[in-house]
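Participant: Would you be able to build a 3D model of this:
(4 chains)
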There are 4 protein chains.
Amino acid sequence: MSRMSQSDATMAKSVAAIVFGAGSDSGLYPLTRTRSKGAIPVAANYRLIDIVVSNCINSNINKIYALTQYNSTSLNSHLSRAYSNAGWGREGFLEVIAAYQSLEEQDWFKGTADAVRRCLWVLEEHPIVECLVLPGHHLYRMDYEDLVRAHRNSSADITIAVSRTRENEDPGFGFLKVSSRNEVLEYKEKPEWVSQNPPQLESKRKWTQDSGYMGSMGIYVIKRDVMTKLLTELFPKAKHFGIDVISGAISLGMKVEAYLYEGHWDHLSNIEAYYHANIDYTKKKPSQFKDVPVYTLPRYLPPSSITNAIISDSVIGDGCILNSCKIKGSVIGMRTLVGNGAEIEDSVIMGSDIYQMDDQHGKMKNGEEIPIGIGEQSQIRKAIIDKNARIGKNVRIVNIDNVQEGEREANGYVISGGIVIVLRSAVIPNGTIF
Amino acid sequence: MSRMSQSDATMAKSVAAIVFGAGSDSGLYPLTRTRSKGAIPVAANYRLIDIVVSNCINSNINKIYALTQYNSTSLNSHLSRAYSNAGWGREGFLEVIAAYQSLEEQDWFKGTADAVRRCLWVLEEHPIVECLVLPGHHLYRMDYEDLVRAHRNSSADITIAVSRTRENEDPGFGFLKVSSRNEVLEYKEKPEWVSQNPPQLESKRKWTQDSGYMGSMGIYVIKRDVMTKLLTELFPKAKHFGIDVISGAISLGMKVEAYLYEGHWDHLSNIEAYYHANIDYTKKKPSQFKDVPVYTLPRYLPPSSITNAIISDSVIGDGCILNSCKIKGSVIGMRTLVGNGAEIEDSVIMGSDIYQMDDQHGKMKNGEEIPIGIGEQSQIRKAIIDKNARIGKNVRIVNIDNVQEGEREANGYVISGGIVIVLRSAVIPNGTIF
Amino acid sequence: MSRMSQSDATMAKSVAAIVFGAGSDSGLYPLTRTRSKGAIPVAANYRLIDIVVSNCINSNINKIYALTQYNSTSLNSHLSRAYSNAGWGREGFLEVIAAYQSLEEQDWFKGTADAVRRCLWVLEEHPIVECLVLPGHHLYRMDYEDLVRAHRNSSADITIAVSRTRENEDPGFGFLKVSSRNEVLEYKEKPEWVSQNPPQLESKRKWTQDSGYMGSMGIYVIKRDVMTKLLTELFPKAKHFGIDVISGAISLGMKVEAYLYEGHWDHLSNIEAYYHANIDYTKKKPSQFKDVPVYTLPRYLPPSSITNAIISDSVIGDGCILNSCKIKGSVIGMRTLVGNGAEIEDSVIMGSDIYQMDDQHGKMKNGEEIPIGIGEQSQIRKAIIDKNARIGKNVRIVNIDNVQEGEREANGYVISGGIVIVLRSAVIPNGTIF
Amino acid sequence: MSRMSQSDATMAKSVAAIVFGAGSDSGLYPLTRTRSKGAIPVAANYRLIDIVVSNCINSNINKIYALTQYNSTSLNSHLSRAYSNAGWGREGFLEVIAAYQSLEEQDWFKGTADAVRRCLWVLEEHPIVECLVLPGHHLYRMDYEDLVRAHRNSSADITIAVSRTRENEDPGFGFLKVSSRNEVLEYKEKPEWVSQNPPQLESKRKWTQDSGYMGSMGIYVIKRDVMTKLLTELFPKAKHFGIDVISGAISLGMKVEAYLYEGHWDHLSNIEAYYHANIDYTKKKPSQFKDVPVYTLPRYLPPSSITNAIISDSVIGDGCILNSCKIKGSVIGMRTLVGNGAEIEDSVIMGSDIYQMDDQHGKMKNGEEIPIGIGEQSQIRKAIIDKNARIGKNVRIVNIDNVQEGEREANGYVISGGIVIVLRSAVIPNGTIF
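Facilitator: From the prediction side, this is the model:
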């Protein structure tokens, strides 16, 4: 009679994912002006953190803690509404752990390591075997079950996902020297080329090829008791997870393994990376993104309504209203309203939180009103238009002076890497050109 | 000190809606070949019954019984998945009551009145004051709380929603003579013009103006104890709700009131009505359909991906993949795939349940495969393409012989009122013209 | 670098469970008078079908079809409310498939095989690899993932769970001759001792030992295409799954394997089995039933309120109200009200659907009212009190004449195997003795 | 034809409740040592905040913001799991707004007024007309719809719920002088008797009778634009809602009305109040707490299992395991394990988060293990036993020295007002007496 001894299939149930939802680094400013990184809209229908959370769901991991502190409200709101209703099983959950005060500790989280340290006691309620530590701002598909299985098979203390990708390492996570037997031998925070400004792609490429270093994805599987020991005994003052804790563990000779991830990985650590990841999305073969679902907040929008549009190489989010317009090579976010004669090219339009046509907030001093959306006859090229922006009529947003970096917040926009970013809820008067 | 005696705001909580989800009448054939009326896809993203259920949700009615019998599986599946997760409050629910056998009664439901009669005992569990009886296949927006309030204010036994609309009465629900004080004086099953074939619009219009009759919408508010008395004591053998029970109650002199509904109302009782209601939807001013949400099953689809399309006067459902194509005056349902060079005009494309490109079911005898969707260079005009149909390349569906009524099920389609209906999951070989 | 090829952990996601929720067999009458078997209350807080559905949830199987026909309303209501909110993942569901009419088929399901046959098309929407067929009225804990894994490892067409248990075979599922290599060689519907009345335990025991037959648990894993072939090609007229289809498959020489289940298994096929399974539950070591949860409808009841009670060897469901009373060896269902001076012994009290003290339905002809629950000074011994029964004051339900089988429905009870069963919602007047 | 103009029934939908979930005041120490006030277990099955949230749900208010900062993790976890699944309608939500950092503001919330001020922008997403400000630690039943209606009918800027109750005013919310026409004339933070220590009940009673002052319940309905004006223009530095903002609004002559609440109200502001509110709960007539549900986290526990117990005047939470023991006048929280021979009297046992019998944390230095629960032969009188405490065998917790106030945290307990409070997860060795 056949009976198998151990149930591999419930493996994922004993893993707790810890997602850093709300970094405060400045690379994505001004998109992070009023929200944390994880809450940035991406790919027309989603928020950045949806990608990582969907990876968890699709990998059967049903215990997720999202740690937040900086501008956390949008993120908390999205998470609590998007992921509350289903998908967790009754033993599962997505819990937001916001920075908090206690008798012993009046201060904010001092960094990612400190945040995890102060939440260790929360994990005690559940029969957790491993922690899966995840950055919340990366764009990739990974089956974390595979990663956890590799971790268990190698009996490692820590397993780190690494990428061989040459072009888009997130420099925030350091580099690793890996032996032929998958052992991580060394942690290197920053190779020379990182500090070059602008980074010399040539010297970077040379380095990664010659050195044998691979990029850490900032994704760690760690045995729970090892985690506790690292944070409370070995490195009780450590602030940052990668630099302070992981590199420390390697130095101490713990068994640290690498897990090679071969798939596509976008780090979205700065405006240019964010912009290109979105534009790339419009070029994806449809079959690439339909095999597993990406979850988000269901919004019950009507189908997109199109009066007369010529649309090429673009994706159109749910519930848009497109009048007579041209759209090319762009991401059009949910509920976007585009006026007659408007032209949008190579741009990321984030869309709107509401259908709001009669609101008074858009009224200019001279009395004219600018509704949320893209006004008639306006032209937008190589720009990011943040949520709820009100672009007037006959506006041209084309980086007319070919500026690379520019701070025009008072006028409602910023230029970064030659990309114009119109601020969230900005009002751009009729006829403006920049 | 101010304290109000009675809480009007919980009024809707004591109302149970009874929705007839699964009629078997033939007007909508072949759309009802494998599904009940309520499960027919409509307006790109929805199923017909979503409209009535959304009306209930938006009216705070949170106890809904959907009665089903005929081809009920699609409907049950949709309802249980779409409405299970939220929206009901913990005292609320949407329950499907399928026809069932019992010791006393081995037979199917014999009609709408019989169905309600056999479910009366279910209502006993809840503190229900009124039943709200609703057909499941109408397209309209109504605040049922208003209706219930009118009912209570008039202390009626029964209140019937009536429409003055001249053109689209659903003849299945009869006509009512209403006094100037809102009392319903008489129930008339069928005026003369109904039996004219084709109905003479002129004589119909004249009749409704002259007679003072108004069309019943088949929407009734009935006191619970009156309901019980009608079905078990007064008319224990009644089969149909309108014809047998309501008309009987009027004859007996019960207090029956009319509630005038002035809004838009589409009955969708036959193919032409269904087709025009969909096409009308593409012409709606966006503001008309955004004030209150219409709920349905959240599907977590990617944004629509458009390679190169000219689109006019159309609505595009979630997650479509449109290659180089022209779309005009059409409803494009969710997940529709349109091939290069295809042209769609004045048509209702229901879309697909899945992204299925590698399935073998579409393989023709000669080995060629037809994927779900509209093939390259194909042309579709004034047609309804049911779910999951596979239209090959260079197909022309244009009613080329200008047929009014035609039964070609063996070839995968039916023509009704000059509209071609391609059957669900039909396969139309490359080069076919009809 | 370590990458594993196949994800075993998503195995359960490609399995569809088909639960027979609503058998009509008479063994459990009168508990099935107004409900199907799966809806019978059990173990104070649950319904019978909760056990099987919880097994599925705990085994990561998240696609469940419950097939119903007979008295299905209570079952449908319970399932749609209990299992709608969580636990399925967004790809999962519990769908009730009620018997339905269609163009081709006007009749009810003709048996379990016919029911599955008419639902085969529903499975096509999902990427199902195996069907897991489950009776809905058994009490046991099984990790179905283990079963499915055994099935896959042996590359069987069909795998059947078998039990060696001597005493409680459900004779409805037949017996199997199994080779030393786990192959099922023969299906035997009924050994001789089954037809003995009363069954001679001695001859039964002898037979099972000598014959090498094992009891089928009626639990089958079947490849989806094998299922389709069996029901539509090989046995298109088959009515019953075990007798007609499974035995047929064995005869035809298909690869049918046995999976030995060694755990506790109660079949609950008749009143005595039901009674003893409940009473046994009061004797379980607590640790036995706390490792994995049994799910059911959350009811948000207040804690049980006890005025002055002596309670031994009993379980008390949620939200009971116990006045000065003695309870011994009994199962007290949720919301049970027990009056002063009452004594309950060796009994199963199902409890109440509502807290209903002011209802008029319990009023006797002479005007006295009997509230739901057990009245003051009443005595109950070796009885099953169905839901919402109203036992008056000074009642004695002790089988005073020591009847074995008795039909007293007019008086509100039935006696079966010496156990008194008071009917659902029965009213037992003050002072009654039986 | 009857049509009513305005839908009163959706009134509650335009109200946003703002609940202060996590106060840090010291009255409830040590119950707040590791959790915020709202997370304190109460009445066997609940957390304190469940009471207020249930009031909201039962009043159709479906937009709830819980503001947290101090020890917020337990509260956030409870709220996100308990209230995620249902009850909100698709427009509704319960969102936790944790203290957060932003570019402009690096600091924690400085008080209740500051917390609301920094969350004002969140409200903008929704069509909110009024804010309903609620303390999260009170025990009462109120129909907030009534309160909102009174507010609207009087066209007040602010409406304050007031209580005439003499004995249990929460002194944190001040007192109000109210005219015969319901106008609030004056806000008084603290009458003289508050500063008496101990407060002279006599002088308090005299004062409230003579003065005509009524106790503010800290419950405010405020027009949204008034709220914005108060917090950003009139009192931009205000820290505390009652003392700084409300009293300021009264002084400025705004239209402030009183709403008299006549029901039962427990403030639970200190240990004695908490203790007595729990003990009072055991004496409630069952009918008092069954009319409307109190919601909480569904836990799917087995029925309570009782081996041999004498229980009087007590409530027993879900899933307890009671061996041979005596329980009198006590609240026994969920999953409580009581050993043979134990006696519990006039005590509040909070119960356990898990069934955990084999855990090692309870092991004493000498090697003996103390499981979670009340050990054999132990005796507990007038005590509060916090969650997951491990009381050994032959322990006597009876305040043997009749101490009024005592700090013995090192020994696992505190005495406050003569009530012994055993700390959360404390371990009390066998044979201990205090």
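
Participant: Going by C-alpha atoms from here, please, whenever you check contacts or count neighbours.
Facilitator: Fine.

Participant: Contacts only, for A:Pro293.
Facilitator: Residues near A:Pro293 by Cα atoms under 8 Å, 6 or more residues apart in numbering or on different chains: A:54, A:58, B:300-301.

Participant: now swap in A:Val294 and tell me
Facilitator: By Cα under 8 Å, 6+ apart, the residues touching A:Val294 are A:50-51, A:54-55, B:300-302.

Participant: Mind checking what secondary structure it has?
Facilitator: For A:Val294, the assignment made with DSSP: H, G, I helix; E, B strand; the rest coil gives coil.

Participant: what about it, distance to A:Ile57?
Facilitator: 9 Å (Cα to Cα, to the nearest Å).

Participant: Show me which of the contacts of A:Val294 has the smallest pLDDT value.
Facilitator: Least confident entry in the contacts of A:Val294, by pLDDT: B:Tyr300, with 77.

Participant: Just give the number of residues close to that one.
Facilitator: Per other Cα atoms under 10 Å in any protein chain shown, the neighbour tally for B:Tyr300 reads 19.

Participant: okay but it is in contact with A:Gly317, surely?
Facilitator: No: with contact defined as Cα atoms under 8 Å, B:Tyr300 does not count as touching A:Gly317 (11.6 Å).

Participant: interface residues of chain A facing chain B?
Facilitator: Taking Cα under 8 Å from any Cα of the partner chain as the contact definition, chain A meets chain B at A:43-45, A:85-86, A:282, A:286, A:289-290, A:293-296, A:298, A:300-318, A:321, A:355.

Participant: List only buried entries from those.
Facilitator: The neighbour count (16 or more other Cα atoms under 10 Å in any protein chain shown) marks A:43-45, A:85-86, A:282, A:286, A:293-296, A:298, A:300-318, A:321, A:355 as buried among those.

Participant: What segments of chain A are helices?
Facilitator: Here chain A has its helices, by DSSP state H, at A:48-58, A:73-82, A:112-123, A:144-154, A:192-195, A:201-211, A:224-228, A:247-251, A:271-281.

Participant: okay, the contacts of A:Val294 in TSV with distance to D:Ala39 next?
Facilitator: Formatted as TSV, the contacts of A:Val294 follow (distance: Cα to Cα, whole Å):
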residue	distance to D:Ala39
A:Asp50	29
A:Ile51	32
A:Ser54	30
A:Asn55	31
B:Tyr300	34
B:Leu301	38
B:Pro302	39
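
Participant: what's the residue closest to the geometric middle of chain A?
Facilitator: In chain A, the residue lying closest to the centroid (Cα atoms, centre = their mean) is A:His137, at 2.3 Å.

Participant: any idea how far that residue is from chain C?
Facilitator: A:His137 is 23 Å from chain C, where distance means Cα to the nearest Cα, to the nearest Å.

Participant: Also A:Leu48?
Facilitator: Using Cα to the nearest Cα, we find A:Leu48 at a distance of 19 Å from chain C.

Participant: Could you do A:Ile160 as well?
Facilitator: In terms of Cα to the nearest Cα, A:Ile160 sits 12 Å off from chain C.

Participant: which residues does A:Ser154 contact?
Facilitator: Here A:Ser154 is in contact with A:Glu257 (Cα under 8 Å, 6+ apart).

Participant: Which pLDDT value goes with the residue nearest to A:Ala12 when sequence neighbours are not counted?
Facilitator: Excluding its sequence neighbours, the residue lying closest to A:Ala12 (Cα to Cα, 6 or more residues apart in numbering or on different chains) is A:Ile61, at 5.1 Å. Predicted confidence (pLDDT) for A:Ile61: 88.

Participant: cool, the one 5 residues further on as well?
Facilitator: According to the model's per-residue confidence, A:Ala66 sits at a pLDDT of 88.

Participant: how deep is it tucked in, by neighbour count?
Facilitator: Counted with other Cα under 10 Å, A:Ala66 comes out at 24.

Participant: Just list whatever residues bridge to it.
Facilitator: A:Ala66 forms beta bridges with A:Val19, A:Val96, as assigned by DSSP bridges.

Participant: how far away is it from A:Val52?
Facilitator: From A:Ala66 across to A:Val52, the span is 11 Å (Cα to Cα).

Participant: Do me a favour and get the end-to-end distance for stretch A:135-155?
Facilitator: 24 Å.

Participant: okay, and for the stretch 301-434 of chain A, where does confidence drop off?
Facilitator: A:356-368 (pLDDT under 70).

Participant: Name the residues of it found near chain D, please.
Facilitator: Close to chain D, as judged by Cα under 8 Å from any Cα, the stretch 301-434 of chain A has residues A:353-354.

Participant: what lines up beside whichever strand in chain A runs longest in the sheet?
Facilitator: Criterion DSSP state E: the longest strand present in chain A is strand A:304-316. Here strand A:304-316 has these sheet partners by DSSP bridges: strand A:321-328 (parallel), strand A:331-332 (parallel), strand B:304-316 (antiparallel).

Participant: right, and A:Lys387 touches A:Val348 too?
Facilitator: No: the criterion here is Cα under 8 Å, and A:Lys387 misses it with A:Val348 at 10.4 Å.

Participant: who's more crowded, the two?
Facilitator: Neighbours per residue, other Cα under 10 Å: of A:Lys387 and A:Val348, the larger number sits with A:Val348, 31 against 25.

Participant: Who does that one form a beta bridge with?
Facilitator: A:Val331, A:Ile384.

Participant: do you know how far it is from chain B?
Facilitator: 13 Å.

Participant: so what's that residue up against?
Facilitator: Contacts of A:Val348 (Cα under 8 Å, 6+ apart): A:275, A:278-279, A:330-333, A:382-385.

Participant: of all the residues you listed, which two lie farthest apart?
Facilitator: A:Gly333 and A:Lys382 (15.3 Å; Cα to Cα).

Participant: Of these two, which one has the most company?
Facilitator: Neighbours per residue, other Cα under 10 Å: of A:Gly333 and A:Lys382, the larger number sits with A:Gly333, 29 against 21.

Participant: Can you list the buried residues in stretch A:114-128?
Facilitator: Residues of stretch A:114-128 classed as buried: A:114-117, A:119, A:128 (neighbour count, 16+ other Cα under 10 Å).

Participant: what sits against A:Pro298?
Facilitator: Contacts of A:Pro298 by Cα under 8 Å, 6+ apart are A:82, B:298, B:300.
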